[in-house]
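**Student:** Can you look at this prediction? I've put the sequence above it.
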Amino acid sequence: MLLRKTYGIDLGSSSIKVYSFFRNKSYIEKNMIASKGRKIIAVGNEAYDMFEKAPVDIVVNSPMAFGMIANLELQEIALYSMMKKIDKFLGVGSDLYFSIPLDMTAVEKRAYYYVANGHWLRKNRVFMVEAPVADAIAMGVDFQKNEGSMIVNIGAQSTQFSILTGGKIIIAKKIPIGGRQMNESICSEIRKRYNLQIGTRTGKRLKIAMGRLNDQHKDARKVVGIDSISGLPREEIISGYVVNAGIMDCVNEIAAEMKTFLERIPPQIAYHISREGIYLTGGSTRIPYIDNYLASYTGFSFNLSDLYETSTVKGLEKIIRDRELLKWAQPVKQRKL
């Protein structure tokens with residue numbers, strides 16, 4: 001541990017979070033790559049600045065899709081680029097602890113190994129930690145005396161429900177709804193009501209500035225978009241009610257899926273969850289009052305984490321620094337042919 005450099009890595013659809021044991025610090029950067037054919041134009045935050053602004057011949061997207069690695073080569077480049085900014089000398093080999101979503105096939109798990117041992121990154125030892133376990137550790141869930149805990153992580157493109165009891169995940173479900181779908185829903189709502197087309201980056205800014213899941217907050221913002229009829233740029237005052245309507249479409253879907261999921265839980269475990277409260281985390285939980293809204297829909301209380309999108313990498317940090325928690329990290333070895 002002391003001789004080899006150790007990193008905790010959370011590959012998200014929106015951003016990459018990396019914890020460096022040597023520097024004892026966490027880093028976060030957008031998981032985006034801008035490319036023109038086979039040529040890489042920009043990586044990370046620089047690529048995100050080009051998102052929805054680049055010419056037609058330059059493609060800007062994330063190598064992750066719905067929490068899974070969609071492009072091995074691009075994901076390795078994005079990770080290598082970020083790690084080079086943290087450590088100019090990566091050394092011969094490092095220990096890489098990846099957080100992984102549940103319900104992954106063997107092939108999808110192998111993708112993490114090849115990202116860490118491909119063209120740019122080599123001779124690294126790979127360990128995998130299930131993301132709900134990392135979230136639970138970050139939020140202080142007691143694994144020793146755990147009779148039933150529920151972890152909900154609302155990410156950029158997916159939402160994960162997990163039930164932990166006796167130190168194990170007994171039931172889990174992932175749905176393809178997250179912050180990006182909220183942004184798209186806001187854009188769709190504005191297009192329907194104002195005949196105005198805006199980009200998802202503008203939708204995200206409106207979500208952050210005006211997103212409130214209650215009716216007490218009245219607000220409005222001026223945005224510039226493309227008129228759906230004339231095709232010319234136009235300014236419009238967007239009401240907070242319209243933004244909330246777009247957000248609620250997605251939040252209601254998450255709440256409905258959560259309620260159905262809770263009905264599958266054995267009564268004795270559901271009783272402990274109701275007493276303890278559901279643990280809520282993820283970048284999309286920054287929307288004010290989302291915990292109160294979900295509580296009123298499901299009938300369960302919620303414990304909202306103040307770590308948001310960094311909760312998983314914070315859990316990896318605790319696992320790396322505490323020898324007793326290392327049992328939650330499973331080593332991955334290359335299969336011999």
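**Tutor:** Yep, it's here.

**Student:** Show the residue spans covered by the strands in the stretch 51-200 of the chain.
**Tutor:** 59-61, 64-65, 68-69, 94-100, 125-130, 149-154, 159-165, 168-175, 196-197 (DSSP state E, counting those that start in this stretch).

**Student:** Can you say which of those is packed in most?
**Tutor:** strand 149-154 (a mean of 26; mean count of other Cβ atoms under 10 Å). Where you see a C-beta, it was placed from the backbone N, CA and C, and this is true even at glycine.

**Student:** Now do that strand: which elements does it pack against?
**Tutor:** Applying 3 or more Cβ pairs under 8 Å, 6 or more residues apart in numbering; DSSP states H and E, we find strand 149-154 packed against helix 131-138, strand 159-165, helix 240-263, helix 267-276, strand 278-281.

**Student:** so which of the strands of the stretch 51-200 of the chain comes closest to residue 332?
**Tutor:** Set against residue 332 and scored by Cβ to Cβ, the strands of the stretch 51-200 of the chain come closest in strand 125-130, at 4.4 Å.

**Student:** same question for that closest one, mean pLDDT?
**Tutor:** Across strand 125-130, pLDDT averages out at 94.

**Student:** returning to what we had before: among the strands of the stretch 51-200 of the chain, which is nearest residue 188?
**Tutor:** Evaluated over the strands of the stretch 51-200 of the chain, closeness to residue 188 peaks at strand 196-197, with 9.9 Å, by Cβ to Cβ.

**Student:** Parallel or antiparallel, list what pairs with the closest one.
**Tutor:** Strand pairing for strand 196-197, using DSSP bridges, gives strand 220-227 (antiparallel).

**Student:** Give the buried residues for stretch 250-260.
**Tutor:** 250-251, 253-255, 257-258 (16 or more other Cβ atoms under 10 Å).

**Student:** next one: stretch 322-337
**Tutor:** 325, 328-329, 332.

**Student:** could you dump those residues to JSON lines with distance to residue 284 and secondary structure?
**Tutor:** Formatted as JSON lines, those follow (distance: Cβ to Cβ, whole Å; DSSP: H, G, I helix; E, B strand; the rest coil):
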{"residue": "325", "distance to residue 284": "27", "secondary structure": "helix"}
{"residue": "328", "distance to residue 284": "25", "secondary structure": "helix"}
{"residue": "329", "distance to residue 284": "27", "secondary structure": "coil"}
{"residue": "332", "distance to residue 284": "29", "secondary structure": "strand"}
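
**Student:** What's the separation between the residue of the chain most remote from its centre and residue 12?
**Tutor:** The outermost residue of the chain relative to its centre, with distances by Cα atoms, centre = their mean, is residue 230 at 37.3 Å. Per Cβ to Cβ, to the nearest Å, residue 230 is found 38 Å from residue 12.

**Student:** Residue 131: how many residues sit nearby?
**Tutor:** 27 (other Cβ atoms under 10 Å).

**Student:** who touches it in this structure?
**Tutor:** 10, 99-102, 153, 160, 312 (Cβ atoms under 8 Å, 6 or more residues apart in numbering).

**Student:** Per-residue pLDDT of the one residue sitting closest to the centre of the chain, please?
**Tutor:** Nearest to the mean C-alpha position of the chain, by Cα atoms, centre = their mean, lies residue 155 at 3.5 Å. Per-residue confidence at residue 155 stands at 94 (pLDDT).

**Student:** That one reaches residue 181, doesn't it?
**Tutor:** No. Taking contacts as Cβ atoms under 8 Å, residue 155 lies outside contact range of residue 181: 10.6 Å.

**Student:** what distance separates the start and the end of stretch 164-179?
**Tutor:** Stretch 164-179 stretches 25 Å from its first residue to its last (Cα to Cα, to the nearest Å).

**Student:** so how far is residue 13 from residue 144?
**Tutor:** Computed as Cβ to Cβ, the residue 144 to residue 13 distance reads 33 Å.

**Student:** of those two, who's got more company?
**Tutor:** Neighbours were counted for residue 144 and for residue 13 using other Cβ under 10 Å; residue 13 has more, 21 against 6.

**Student:** does the more buried one count as helix, strand or coil?
**Tutor:** Under DSSP: H, G, I helix; E, B strand; the rest coil, residue 13 falls in the coil class.

**Student:** and it, what pLDDT?
**Tutor:** As predicted, residue 13 sits at a pLDDT of 92.
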